[in-house]
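Novice: coords please:
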Amino acid sequence: MAIAPDQFWRSNYYDHPPLTDEMVAEAERQLGVRLPAEYVALLRIQNGGYTHGFGHPMSCPTIWAADHVPLDSLSGIVLEPDHRTALNILRTAYMTREWGLPPRQALLTGDGHWWISLDYRASDVPSVAWLAVDHEQDFQVAPTFAAFLDGLLPDSAFADDEDVELGR
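Specialist: Sure, this is the predicted structure:
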């Protein structure tokens, strides 16, 4: 991982509980997948929340930016149904139905108009995908979650979208 694990997380705004082995097992059971060890390791430091603000370079433009996709937050695992949070990977089934997303995804972050997901369509070892269904964007970001983490750069490495639009 290019970003030091202790420099990854900024805020546990939704007050997610610490991750346990039981939580991981239940999430994998509900999602029907095995989560990448690197993802689980990050959640053991902090069980989801807001990051220090990263982007992953892209070779094709997305609805987000011409040259990258964002990673300002990362979903954790929250089993308690009454715990109010927008960053829970267990919301995947609901969001998949709500937004008409492809099957065999585990949603890592997004706002409905776009998502970054663990994509299990081709293999039990997921790639990382960018999904913007309304714009017919379904792109591979990285071949594995480890490669995704290795490719992350601070937000400051990318031109401000306004700068690009204004030709600065």
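
Novice: How are the strands of this structure distributed by residue range?
Specialist: Secondary structure of the chain (DSSP state E): strands located at 9-11, 49-57, 68-74, 105-110, 115-119, 127-132, 137-142, 153-154.

Novice: Low-confidence regions, the protein specifically.
Specialist: Applying pLDDT under 70 to the chain flags the ranges 1, 161-168.

Novice: closest one to residue 33 among the strands of the chain?
Specialist: strand 105-110 (6.0 Å; C-beta to C-beta). For the C-beta atoms, the positions are set from N, CA and C on the backbone; glycine is no exception.

Novice: Output stretch 149-162 as PDB, nothing but the C-alphas.
Specialist: C-alpha atoms of stretch 149-162 as PDB (Å, rounded to 0.1, in the frame of the first residue of the first chain):
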ATOM      1  CA  LEU A 149      -4.500   0.700  -2.700                       C
ATOM      2  CA  ASP A 150      -1.100   0.800  -4.300                       C
ATOM      3  CA  GLY A 151      -2.400   3.200  -6.900                       C
ATOM      4  CA  LEU A 152      -3.900   5.700  -4.500                       C
ATOM      5  CA  LEU A 153      -2.500   9.200  -4.500                       C
ATOM      6  CA  PRO A 154      -3.400  12.200  -2.300                       C
ATOM      7  CA  ASP A 155      -6.200  14.400  -3.700                       C
ATOM      8  CA  SER A 156      -3.500  17.200  -4.200                       C
ATOM      9  CA  ALA A 157      -1.900  15.100  -7.000                       C
ATOM     10  CA  PHE A 158      -4.900  15.800  -9.200                       C
ATOM     11  CA  ALA A 159      -5.900  19.100 -10.900                       C
ATOM     12  CA  ASP A 160      -8.800  20.700  -9.400                       C
ATOM     13  CA  ASP A 161     -11.900  20.000 -11.600                       C
ATOM     14  CA  GLU A 162     -12.500  23.800 -11.800                       C
END
